[in-house]
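# here is a sequence together with a model predicted from it:
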Amino acid sequence: MATEEKAGASRGPSFPIFLYFGSSTILLLLVAPDGTWLDVATAYLLQMKLHATPSQISTFRVLTGAPIYMGFLFGLVRNLWNPFGLRDRGYFLIFSVITGLIFAALALLDVTYAALFVGVLLISICTRFLLAAQQGLMGLVAQEHLMSGRMAALYSACYFIPLILGALFAGVAADSFTPRMQFLTLAVVGVAVGIFGFLKPKSVFENAYEQPQAQGSDLVSDLRRLFSDPAALAAVAMIFLWQFAPGLQTVMQFHLTEHLGAAESAFGYWTATYYVSFLPGVIGYGYICQKVAYGRLGTWAILASAPLNLVLPLLTSPEQLMWFAVPLGLSAGAAFAALYDIAIRACPPGLHGALMMAVAGGNQLGWRTGDVFGTWLYGSGGDHGFWYASIGTAVTSGIAPLFLALAPRNLLATRDGEPLGA
């Protein structure tokens, strides 16, 4: 559980903090496999060029995401390894260059299943190191400045901006660009992440690593603290269940193209519309979290999105699905911000990188295993497969808030900007 925070702990202006973490989030999610650009581009490539089945695509996504699910290990490495003596900035310098080189290699090699698999797997590893640095520092600074809700809202908004842009670009590129062109562009973006290794804004870094919240211990003690903290476990379990969405991924892609007769690029546009609609919900959460205690706000924000999934099978045209992506995304945006708010609140001292990466791993593990489960439901359910997948999404996301019962009261009873207390 997070340590007691003192009133008046906030230091310095918040705008440079938001600018630093917002811009770094956008760049990182443009190149990471858990963003949409690489994910949707590889899905199109597998489906249209390599003639993969829905099951093969979902299996590819699950296996190449293995480093993401074990992300807490990269967070623990961040606590122990200090590259070049620059702490988190050293990770930006090293792994941005390696990421760019891997994308360049994919652009030069023949596009085969094996080459694509190895390349995406290596990119997953490199981006975990980058995100461990960025997420760990973000969680630490948010706790020190008493802004877990506002930082969660900022992160959520900036998380979905690259998802929106990536989905749109991948949809267009599926019709217009070669894989080589896409990989070369991603290589440039990957190298650009290294700029954060040179930046050191005072409001972010001044005494950040000297504060009580930043102090960890040895590896064994850190592991014990991480896996015995009920609030930390609740944060991971909640995002896993909420993201276990069997009806919104490969199932949606094939439902649109095979059952509703939409164009091949429709899934990219649907995904972009869905994520654009997150933004008002996220912005609203960032304002309301300063007025309402987390326990009440977080519970209702997470619950609101669950029943809307039951409407999806009732829609009978691509146009109807596109329009309904708006209210679905609006409610999901508030839920996503609430899930990251509790994750930041729950970070134990010195374990911000480990827990934030564990949450990111739970996020993607839920997303990917839900995808595999959804394709099984879709394939085995016949004409009712999409119904079964949508019901599964509603049930698991509706269960998620129950885990708030594991969190101590001081994490739930305060508004953003208030010290957590004893």
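Thanks, I have the structure now. Numbering: from 1, shown residues only.

# need the helices for the stretch 101-250 of the chain, in chain order.
113-144, 148-176, 179-192, 202-205, 219-228, 230-243, 250-254 (DSSP state H, counting those that start in this stretch).

# number of residues surrounding Lys291?
Neighbours of Lys291 under the rule other Cβ atoms under 10 Å: 9. Using the backbone N, CA and C atoms, a C-beta is placed for each residue, glycine as well.

# kindly report the same for the one 10 residues further on.
Using other Cβ under 10 Å, Ala301 has 27 neighbouring residues.

# which SSE is it in?
In this assignment (DSSP states H and E), Ala301 forms part of helix 294-303.

# rewinding a little: need the winner for burial among the helices of the stretch 101-250 of the chain.
helix 250-254 (a mean of 25; mean count of other Cβ atoms under 10 Å).

# what distance do you get for the residue nearest to Ala413 when sequence neighbours are not counted to Val97?
Spatial nearest neighbour of Ala413, chain neighbours left out: Ala293 (5.4 Å); criterion: Cβ to Cβ, 6 or more residues apart in numbering. As defined by Cβ to Cβ, to the nearest Å, Ala293 lies at a distance of 45 Å from Val97.

# and what of Val193?
Val193 is 9 Å from Val97, by Cβ to Cβ.

# more neighbours: the two, which one.
Per other Cβ under 10 Å, whichever of Val193 and Val97 has more neighbours is Val193, with 26 against 15.

# now do the contacts for the more buried one.
Val193 makes contact with Ser24, Leu27, Leu28, Val31, Phe92, Ser96, Thr99, Leu130, according to Cβ atoms under 8 Å, 6 or more residues apart in numbering.

# can you give me the pLDDT of it?
Val193 is assigned a predicted lDDT (pLDDT) of 94.

# turn the helices of the stretch 101-250 of the chain into TSV, including distance to Phe336.
Listed next are the helices of the stretch 101-250 of the chain as TSV, based on distance: least, Cβ to Cβ, whole Å:
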stretch	distance to Phe336
helix 113-144	15
helix 148-176	5
helix 179-192	23
helix 202-205	23
helix 219-228	23
helix 230-243	8
helix 250-254	18
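
# do you know which of those helices lies nearest Leu45?
Nearest of the helices of the stretch 101-250 of the chain to Leu45, taken as Cβ to Cβ: helix 179-192 at 5.8 Å.

# can you spell out which helices and strands pack onto that closest one?
Packed against helix 179-192 by the contact rule (3 or more Cβ pairs under 8 Å, 6 or more residues apart in numbering; DSSP states H and E) you find helix 15-31, helix 36-44, helix 88-108, helix 148-176.

# could you list the residues in contact with that helix?
Residues outside helix 179-192 that contact it (Cβ under 8 Å, 6+ apart) are 27, 30-31, 37-38, 41, 45, 49, 96-97, 99-104, 106-108, 111, 170, 173.

# next, the angle from that helix to helix 88-108.
170 degrees (axes from the mean of the first three to the mean of the last three Cα atoms, to 10 degrees).

# what about the contacts of Val193, which one has the most neighbours?
These, ranked by neighbours (other Cβ under 10 Å): first place Val31, 29 neighbours.

# distance check, that residue against Phe103.
7 Å.

# quick one: contacts of stretch 211-226?
2-3, 5, 72, 76, 79-80, 140, 143-144, 208, 232, 347-352, 354-355, 358.

# span of it from start to end?
19 Å (Cα to Cα, to the nearest Å).

# and for Gln249, nearest residue in space, chain neighbours not counted?
Asp371 (4.3 Å).

# the one you found reaches Thr59, doesn't it?
No: the pair Asp371 / Thr59 is not scored as a contact, 9.3 Å apart, by Cβ atoms under 8 Å.

# so which of the two has more stuff around it?
Higher neighbour count among Asp371 and Thr59: Asp371, with 27 against 16, using other Cβ under 10 Å.

# so who does the more buried one touch?
Contacts for Asp371 were tallied using Cβ under 8 Å, 6+ apart; they are Ser58, Arg61, Val62, Pro246, Gln249, Thr250, Val251.

# mind telling me the two of those farthest from one another?
Pairwise distances across the contacts of Asp371 peak at 14.4 Å for Val62 and Val251 (criterion: Cβ to Cβ).

# can you tell me how far Leu402 is from Glu319?
Leu402 is 36 Å from Glu319, where distance means Cβ to Cβ.

# who has more neighbours, these two?
Neighbours were counted for Leu402 and for Glu319 using other Cβ under 10 Å; Leu402 has more, 14 against 11.

# point out where the stretch 1-150 of the chain drops to low pLDDT.
Along the stretch 1-150 of the chain, the model assigns pLDDT under 70 to residues 1-13.

# please repeat the previous calculation with a cut-off of 90.
Residues of the stretch 1-150 of the chain that meet the criterion pLDDT under 90 lie in 1-16, 29-30, 33-66, 68-71, 79-81, 85, 106-116, 144-146.

# do the same with the stretch 151-300 of the chain
159-186, 203, 206-227, 247-276.

# sorry, back to before: enumerate every residue touching the residue nearest to Ala413.
Leu412, Ala413, Thr414, Arg415.

# list the helices and strands the helix or strand hosting Asn79 packs on?
Assigned by DSSP H and E, Asn79 falls within helix 71-80. Here helix 71-80 touches helix 113-144, helix 219-228, helix 352-380, going by 3+ Cβ pairs under 8 Å, 6+ apart.

# can you pull the buried residues of that helix?
If you call a residue buried by 16 or more other Cβ atoms under 10 Å, then helix 71-80 has these buried ones: Gly71, Phe72, Leu73, Phe74, Gly75, Leu76, Val77, Arg78, Asn79.

# restricting to C-alpha, output that helix in PDB.
Written as PDB, here are the backbone C-alpha positions of helix 71-80 (Å, rounded to 0.1, in the frame of the first residue of the first chain):
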ATOM      1  CA  GLY A  71       6.000  -6.400 -17.200                       C
ATOM      2  CA  PHE A  72       6.500  -6.300 -13.500                       C
ATOM      3  CA  LEU A  73       9.900  -7.900 -14.000                       C
ATOM      4  CA  PHE A  74      11.000  -5.000 -16.100                       C
ATOM      5  CA  GLY A  75       9.800  -2.700 -13.400                       C
ATOM      6  CA  LEU A  76      11.900  -4.600 -10.800                       C
ATOM      7  CA  VAL A  77      14.900  -4.300 -13.200                       C
ATOM      8  CA  ARG A  78      14.300  -0.500 -13.200                       C
ATOM      9  CA  ASN A  79      14.700  -0.500  -9.400                       C
ATOM     10  CA  LEU A  80      18.100  -2.300  -9.600                       C
END
